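S.K.: here is a sequence with its predicted model. Questions after.
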Amino acid sequence: MKGAKGKGAVKDKKEALKPVDDRRVGKRKADDKGSKKPTKKEKAAQKDPNKPKRPPSAFFVFLEEFRKIFKQENPHVKAVSAVGKAGGEKWKSMSNAEKAPYEAKAAKRKAEYEKLMNAYNNKQESTADDDEDEGSDRSKSEVNDEDEDSEEDDEDEDDD
DNA sequence: TATCTGATTGTTTTC
DNA sequence: GAAAACAATCAGATA
């Protein structure tokens, strides 16, 4: 009954633009064997392992905490799909003020990501220009910059 | 044994 | 500008 709920029913923007089922099904499922699209593995091989991962959105930041709570309340539920679904519903029920701290965290992660991407791009140019640059300590130092941003950031909760 | 799937939303990237 | 890809998570399914 996967098609019965969720996927198509929930989206606000994108699902209106395109079939959500196609997004998922057409994306990963089709890619695996029979399709011409590269598999995850192939993609992983193609992409640079040094490339910084995309920052989590506010929803994903929220989901990290929500998973812990969900596990405590539902220790027998192991399916990630259940967590995702429950998290999505809760996210939609939350007010902007409740989402604010997660969005703030996401913004920080995004800022870090941009710095990492800058360092990464610089290294790429360097490598392309001079492929035998094994030093590349520079990027490391930039990466270390993220250290200055403490993970325990004060979440200023704006109560409305 | 190793890899993929599912389910969610938001952001980034690509075309 | 629109569509696709990808970010985390992990038990279960499949080859």
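M.R.: Sure, I can see it.

S.K.: got any ranges where chain A has weak pLDDT?
M.R.: Scanning chain A for pLDDT under 70 picks out A:1-47, A:125, A:127-160.

S.K.: ok, longest helix in it?
M.R.: Identified as the longest helix of chain A according to DSSP state H is helix A:96-129.

S.K.: could you say what helices and strands it packs with?
M.R.: Packing contacts for helix A:96-129, counted by 3 or more CB pairs under 8 Å, 6 or more residues apart in numbering; DSSP states H and E, involve helix A:58-73, helix A:137-144. In this view, the C-beta of every residue, glycine as well, is placed from N, C-alpha and C.

S.K.: which strands or helices does the helix or strand following the first one pack on?
M.R.: Sequence-wise, the next helix or strand beyond helix A:58-73 is helix A:80-93, with elements assigned using DSSP states H and E. Using 3+ CB pairs under 8 Å, 6+ apart as the contact criterion, the secondary-structure elements in contact with helix A:80-93 are helix A:6-10, helix A:58-73.

S.K.: if you set the cut-off to 10 Å instead, what comes out?
M.R.: Packing contacts for helix A:80-93, counted by 3 or more CB pairs under 10 Å, 6 or more residues apart in numbering; DSSP states H and E, involve helix A:6-10, helix A:58-73, helix A:96-129.
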